[in-house]
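S.K.: how does the following fold in three dimensions:
(chains A and B)
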Amino acid sequence: MLRRLLGAVLIVLGLVSAGLGVASATVWREPDTVVATATPTGDGTLVLTDPGVLELVAADVTVSARVPDGGRVTLAVGRDVDVAGWVGEDAATRVTGLADWQTLATRAQGGVQDAEGEAPADEQPAEGEAPAEGEAPAEEQPAEGETPAEAAPVVGVDPAGNDMWVAEVSGEGSATLRWDDRPGRWSLLAAGVGEGAQAPTVELTWPRAASTPWLWPGVVTGVVLVLAGLVLLFLDRRRRTRGGAAGHGDSDGPRNGRRGRGEGRGAAAPTGDTANGTGGASAGDSGASPAGETRPSAEAGGPGALPWASRSASVPVAAETSAGDGAGTGLSDPAPEHAAGHAEPVPTPGARRRGARFAPTPSTPSAETAGPDAGAAPVPSRRRAALRREAPAAEPSAPPAPPQTTTAPGGVPAVRTRRELRALEEARRASEPQQATGLTGRLRALTGSIPVVGQRPSGDPAADQAPPAPTTRAGRAAAWRETWGFDAGAGSQSTPSTPSAGSRWPVTENENDHDPEGGAR
Amino acid sequence: MTAHPFRRTRPAARTAALGVLAALALAGCAEDVPTPNPDAAATGPALSADQENRVLEAMNTTLAQASESGDAGVLDQRLTGPALAVRTSQLRVAQLRGNADLVTNLQTEYQALIVPASDTWPRTAFAVTEAGEDLQAPRLLALEQASAREPYKLWGWVQLRPGVTLPSFAAPELGSEELAPDDASLLVSPQDVAGQYAELATSGDESPFAPTFESSDEDLFRKFLKENVQAQTQELQKDGANGSYSYSVALTPDTPVKAVRTADGGGMVMVSLDMVETMEAPAGVKVAPPEGRSGEALLEGAAPTNKLVNGYSDMVALYVPPQGSDQTVKLLGWTHVQTSVSQ
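M.R.: Residues are numbered from 1 along each chain as shown, chains lettered A, B, ... in the order given. The predicted structure follows:
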């Protein structure tokens, strides 16, 4: 009981962990840009960046500068020595790097200091205020600065138009400049211009490939926890089963009843999952193991009989339903186009094979004229031929000449070989990212490929005409073998175009979707 | 039996939960902020070819604007130094004469750009024009950026000597090293070569510096001066006028030379010179400037007297071989424009 509770708790925790991991990569994912702002410190109308700041996060940066009162602002990019030389000894705010992801580290540079010499010397990401007061002798600057007669504090000198800039832009109130890094050392110069100008507030925006460091740790932890929980549950159940077999008949009844319910639940999951095909990863996972594990006990015990039937049948049933009943009915896939895309390859061989076995007549490939049995064989072949764009030979209008590659030997259509099936599977995997997120796709692979079968519900063109699905165990087994490529006999009839069938898969999938005939069925 | 595992496993579950939560909390804290990591500092070209072309375009616009309006006032936007003086004088001559025939027509197509590699100011860029439509020889222009906030301005130009081959320079992507006036890596430092050349131009082949330079028969500017002395003296002696002719060439005051490194380690030096020639005749003899020339226009119709002083603004471009070379200093081009006259 407690073990079961613990197992349930672990599963819940695992799901939560996986969910949080996924959420960290989706809803909580960091923004795709880094936006850092520099607030001018000290005096002057100028803001300049150290070399390397512009390409700090990414090679291309968008610079925008604002001045509060709608004055004119100019942005320019030039070689660092040129920018430093242009600023000269004027008071300015120097951006030295990032203080944090939202703030640029700045340092006031005063008129009396050597602009170029100090840049590499102290790169302490100053907080701004303290060095501003300490370093920038604000009032002294105009007094001492004998050289710059056009003292910046009074009138903001416009750097626009200088021959040295490789990029520049001016605007009223704000200006925006895009810069792609290039070899060399580049600095940005932002200047408030005109009388009473103030240094602009500079904002650098870089694109960033947001990392998702917690996605896989979260998911893996979740999976491990879920598995651990399942193991606990299983152990608990087996212990009880063993206890029941020991022969406490009195207490057996209620326990069996409970177990029956439990198995019923457990069995429901895999069936639905495989049928749906797109079931969640964890569901598929949890479904898989109970199905396999509980089978023996179910066989042994009466109450388990019903679940067992559905469980043991689950794999073939998926295939058979898709082959026999057609896509729509039994599978009711939540993602129809997904189903249609993947349905064809698996059921088709089954249908064709059955067609060959039960109705060996080398009949016309025309679905309209042929009986339901015979139709099963040619239709897929015609379809395949059409998909391969070998249209003329495979057209219904030319019934006597079935495609040499597929149906020639006694009307036995080409059964997909293992290689062919594998190629199709690979193609399906390749196209998977569009249908399944990386997470579910990965987890599906991780938990075994059982769902793969279920994911091929049918859009089978031959569905209607196909003979009823074999209900005998032998038929099921044959279908299963074929599905999994264990059928040695089928392998000999490989088609020459096998690899291309796989490689053209995306194309044919598209054609399937737009095939009027397919739609008519 | 049942309670025991409960107690034992429950903390484990709690630990696991805490671990997950801690991990997620940490997810909020991103990695450390990067620090600037710029390319290594290197003295690269101060201008790209594009930028220099823009500079030249702006200069040509200013020149055209001034020529159209006849207003020399706009020239200082893009002209400086000797070029500004020469152009201002030329525009004035054009105004006085009523036509612009004597205004140097600077070509606007360029066959080569020489980009400075410099981190300090002043900087000098050079450009070589194509030969003009009127079969003018190509010109070598020097553009100076006096300080960081100044634009590049045309500082001077020379007309290249016919058939001369310019030394090769570093590619514009690398930039050519700017040479200080006292650079010691040349056969003669730029400042010294300028002074020596002025002395040589004045005193002729007797100058002690003559061996450093090519002979005055090869140096077309000195050849011109030599022939000019003979011609003018002959003219002044004509008809028993018994006039005298003298001239002197000196460095333009307060105008440092412009020098740039050539690919072979030598240098190209551009020097601005002032030449003053004095023609004097005994009283009663009138010395008039030649007709149709700048001097006549600059006199503004003043009656000739027995004395005439012509001032010229000259510029020469010299190739100076590297230190230790056995080559001589060679003239690459020169220009000679009258900018003043007095009596």
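
S.K.: for the stretch 51-200 of chain A, give me the ranges with low pLDDT.
M.R.: For the stretch 51-200 of chain A, the stretches with pLDDT under 70 are A:111-154.

S.K.: which bits of it sit near chain B?
M.R.: A:51-53, A:55-57, A:79-82, A:85-86, A:88, A:96-101, A:123, A:157, A:159, A:161-164, A:166, A:183-185 (CB under 8 Å from any CB of the partner chain). Backbone N, C-alpha and C define where each C-beta goes, glycine included.

S.K.: quick check: ChimeraX command selecting the buried ones in those residues.
M.R.: Buried members of these, defined by 16 or more other CB atoms under 10 Å in any protein chain shown, are picked up in ChimeraX with:
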select /A:51,52,53,55,56,57,79,80,81,82,85,86,88,96,97,98,99,101,157,159,162,163,164,166,185
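
S.K.: touching chain A at all, the helix or strand harbouring residue B:159?
M.R.: Per DSSP states H and E, residue B:159 falls inside strand B:153-160. No: applying CB under 8 Å from any CB, one finds strand B:153-160 out of contact with chain A, separated by at least 9.8 Å.

S.K.: closest residue of chain A to chain B?
M.R.: residue A:52 (3.0 Å; CB to the nearest CB).

S.K.: show me the contacts for that residue.
M.R.: A:97, A:185, B:35, B:36, B:37, B:38 (CB atoms under 8 Å, 6 or more residues apart in numbering or on different chains).

S.K.: ok so, going back, which ones among the residues of the stretch 51-200 of chain A next to chain B lie within strands?
M.R.: Using DSSP state E, A:79, A:96, A:97, A:98 are the members of these that sit in strands.

S.K.: what about the chain, any weak spots by pLDDT?
M.R.: Assuming you mean chain A. Using pLDDT under 70, chain A drops low at A:111-154, A:243-416, A:432-473, A:485-521.

S.K.: switch to chain B, that's the one I care about
M.R.: B:1-31.

S.K.: show me where it has helices.
M.R.: For chain B, applying DSSP state H gives helices covering B:3-27, B:49-69, B:81-97, B:190-203, B:220-237, B:294-299.

S.K.: re earlier: of the contacts of residue A:52, which is the nearest to residue A:231?
M.R.: residue B:35 (48.1 Å; CB to CB).

S.K.: and that closest one, how far is that from chain A?
M.R.: Distance, residue B:35 to chain A, by CB to the nearest CB, to the nearest Å: 5 Å.

S.K.: okay but that residue is in contact with residue A:105, surely?
M.R.: No: between residue B:35 and residue A:105 there is no contact under CB atoms under 8 Å: 9.6 Å.

S.K.: and these two? Which one has more around it.
M.R.: With neighbours defined as other CB atoms under 10 Å in any protein chain shown, residue B:35 and residue A:105 compare such that residue A:105 has more, 24 against 14.

S.K.: and the more buried one, that one's in a helix?
M.R.: No: Residue A:105 is assigned strand when assessed by DSSP: H, G, I helix; E, B strand; the rest coil, not a helix.

S.K.: now it, which residues is it bridged with?
M.R.: Per DSSP bridges, the residues bridged to residue A:105 are residue A:97.

S.K.: got a list of what residue A:169 touches?
M.R.: So residue A:169 contacts A:74, A:75, A:76, A:175, A:176, A:177 (CB under 8 Å, 6+ apart).

S.K.: 7 Å instead, please
M.R.: A:75, A:175, A:176, A:177 (CB atoms under 7 Å, 6 or more residues apart in numbering or on different chains).

S.K.: would you say it is within a strand?
M.R.: Yes: if the criterion is three-state DSSP, then residue A:169 is within a strand.

S.K.: hey, what's it bridged with?
M.R.: In beta-bridge terms (that is, DSSP bridges), residue A:169 pairs with residue A:75.

S.K.: do residue B:278 as well
M.R.: residue B:246, residue B:309.

S.K.: quick check, it in contact with residue B:243.
M.R.: No: using CB atoms under 7 Å, residue B:278 makes no contact with residue B:243, being 10.2 Å away.

S.K.: including mean neighbour count and distance to residue A:481, could the helices of chain B go into TSV?
M.R.: Compiled in TSV, the helices of chain B are given as follows (neighbours: other CB atoms under 10 Å in any protein chain shown; distance: least, CB to CB, whole Å):
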stretch	mean neighbour count	distance to residue A:481
helix B:3-27	14	42
helix B:49-69	17	71
helix B:81-97	21	94
helix B:190-203	22	93
helix B:220-237	16	101
helix B:294-299	20	108
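
S.K.: and residue B:120, which of those is closest to it?
M.R.: Across the helices of chain B, closest to residue B:120 is helix B:190-203 (CB to CB), at 16.0 Å.

S.K.: which helix or strand contains residue A:240?
M.R.: helix A:215-245.

S.K.: so how far is chain A from residue B:311?
M.R.: 32 Å.

S.K.: with adjacent residues omitted, what lies nearest to that residue?
M.R.: residue B:340 (3.5 Å; CB to CB, 6 or more residues apart in numbering or on different chains).

S.K.: relative to chain A, how far out is the one you found?
M.R.: Residue B:340 is 32 Å from chain A, by CB to the nearest CB.

S.K.: neighbours around residue B:147, how many?
M.R.: Residue B:147, neighbours per other CB under 10 Å, totals 12.

S.K.: please apply the same query to residue B:273.
M.R.: Neighbours around residue B:273, by other CB under 10 Å: 23.

S.K.: spell out which residues of the stretch 101-250 of chain B are next to chain A.
M.R.: Listed as neighbours of chain A in the stretch 101-250 of chain B under the rule CB under 7 Å from any CB of the partner chain: B:119, B:121, B:145, B:148, B:149, B:151, B:152.

S.K.: domains in chain A, as residue ranges please.
M.R.: Taking automatic domain parsing as the criterion, chain A consists of the domains A:1-29+A:218-247, A:33-207, A:323-359+A:415-520.

S.K.: endpoints of the longest one, how far apart?
M.R.: Spelled out, that is domain A:33-207. In domain A:33-207, first residue to last residue: 4 Å (CA to CA, to the nearest Å).

S.K.: got a list of what the residue in the stretch 101-250 of chain B positioned nearest to chain A touches?
M.R.: Closest residue of the stretch 101-250 of chain B to chain A, CB to the nearest CB: residue B:148 (3.8 Å). Contact analysis of residue B:148 by CB under 7 Å, 6+ apart lists A:82, A:85, A:86, A:88, B:121.
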